[in-house]
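In: Make a model of this:
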Amino acid sequence: MTRVTKAVVPAAGLGTRFLPATKATPKEMLPVVDKPAIQYVVEEAVRAGLDDVLMVTGRNKRPLEDHFDRNVELELALEAKGDTAKLDAVRASTDMATVHYVRQGDPRGLGHAVLCAAEHVGNEPFAVLLGDDLIDERDHLLERMLEVQAARGGSVIALMEVPAETISLYGCVAAEKTEEEDVVAVGDLVEKPPVDEAPSNLAILGRYVLHPAVFEVLRHTAPGRGGEIQLTDALRTLATMPPQQGGGVSGVIFSGRRYDTGDRLDYIKAVVRLAAERDDLGPALRAWLGEFVAEQGH
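Out: Numbers count the residues shown, from 1 in each chain. Below you'll find the predicted structure:
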């Protein structure tokens with residue numbers, strides 16, 4: 001296997017949980033403090049050395065392309081004002097990576113979105129980053145996953161421990177420990193099982209490093225839960241395949257800082273947490289939050 005250089009970011013969803021805000025604005029462009037959520041994901045890929053990014057988009061996703069493209073008029077206006085800080089911020093989204101786009105014509109599930117990347121990726125391992133999960137830049141989950149994939153081959157998924165009563169909200173795995181404390185060997189995967197049928201409390205996060213054998217498996221994966229082609233079902237097949245055919249699935253257990261932007265309440269929490277930790281916004285925001293909470297207590 002060659003070194004991983006490509007990242008795939010599925011971004012074709014309708015964002016219905018955030019309507020009406022997402023009626024005309026892609027949910028990936030909703031701001032998390034002062035950057036759209038999708039930019040955090042691309043920055044994470046670039047920090048891990050993946051500067052070739054393919055976004056799998058759909059209708060009404062043109063703002064994503066505009067965001068990662070040049071805006072010459074805006075740059076000239078900022079330059080004329082001498083506002084170098086904002087100019088650098090605007091240019092950063094353009095210069096950080098080579099971003100490509102492919103349309104997912106029919107929204108047939110995450111597995112189908114990944115399959116849309118086959119021609120661009122070719123016969124090499126690649127990463128998949130879902131935009132609803134933001135990983136704090138101080139935690140190096142993706143870098144660790146790339147290390148594990150380079151050492152063990154096959155595919156690698158990110159896992160986190162969750163309360164057993166919430167496991168039905170996630171895909172989860174049956175896994176065995178390895179000689180590495182944060183790595184498990186995955187034997188089976190189940191998409192959103194009932195609590196009493198879940199094989200563990202290890203939930204699947206939106207980060208994957210996949211062997212290219214996944215494409216052929218996805219081509220033969222029948223629609224599963226929700227009538228969609230599920231990436232989880234393809235990974236179940238890969239977990240049973242021999243290593244020489246690209247099989248085997250490892251899991252990296254993540255215990256760092258993750259921000260969920262796919263749920264309205266969790267999205268608000270993510271914005272507050274990230275803003276509260278910034279040097280420019282944090283002191284004033286934390287002071288205000290203390291006052292606000294005290295007022296609500298009366």
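
In: in the stretch 51-200 of the chain, which spans are strands?
Out: 52-57, 98-103, 126-129, 133-135, 155-161, 171-177, 183-191 (DSSP state E, counting those that start in this stretch).

In: what sits up against the shortest one?
Out: Counting contacts by C-beta atoms under 8 Å, 6 or more residues apart in numbering, the residues outside strand 133-135 that touch it are 32, 37, 40-41, 44, 141-142, 205-207, 254, 256-262, 270. The C-beta positions use only the backbone N, C-alpha and C, and glycine is treated the same way.

In: Narrow the residues you listed to those in helices?
Out: Of these, the ones assigned to helices by DSSP state H are A37, Y40, V41, E44, L141, L142, A270.

In: how deep is the spatially closest residue to the first one that is not a sequence neighbour tucked in, by neighbour count?
Out: In other words, A37. In this structure, A37 finds its nearest non-sequential neighbour in T261, 5.0 Å apart by C-beta to C-beta, 6 or more residues apart in numbering. Other residues near T261 come to 24 when the count uses other C-beta atoms under 10 Å.

In: and T261, what pLDDT?
Out: pLDDT recorded at T261 is 88.

In: what about it, distance to G248?
Out: 31 Å (C-beta to C-beta, to the nearest Å).

In: now do V33
Out: 39 Å.

In: Between the two, which is the more surrounded one?
Out: Ranked by neighbour count (other C-beta under 10 Å), V33 and G248 place G248 first, with 21 against 15.

In: Check which helices and strands the helix or strand hosting L285 sits against.
Out: Assigned by DSSP states H and E, L285 belongs to helix 282-296. Using 3 or more C-beta pairs under 8 Å, 6 or more residues apart in numbering; DSSP states H and E, the elements in contact with helix 282-296 are helix 264-276.

In: Quick check: phi and psi on the residue nearest the centre of the chain?
Out: Most central in the chain under C-alpha atoms, centre = their mean is L130, positioned 2.4 Å from the mean C-alpha point. When quoted as degrees, to the nearest 10, the phi and psi of L130 stand at phi -90, psi 140.

In: quick one: it and A11 touch, right?
Out: No. L130 is beyond contact range of A11, at 9.2 Å (criterion: C-beta atoms under 8 Å).

In: sorry, back to before: any idea which of the strands of the stretch 51-200 of the chain gets closest to F68?
Out: strand 98-103 (4.6 Å; C-beta to C-beta).

In: Can you name the residues in contact with the closest one?
Out: By C-beta under 8 Å, 6+ apart, the surrounding residues in contact with strand 98-103 are 12, 42, 51-58, 64-65, 68, 116-117, 119-120.
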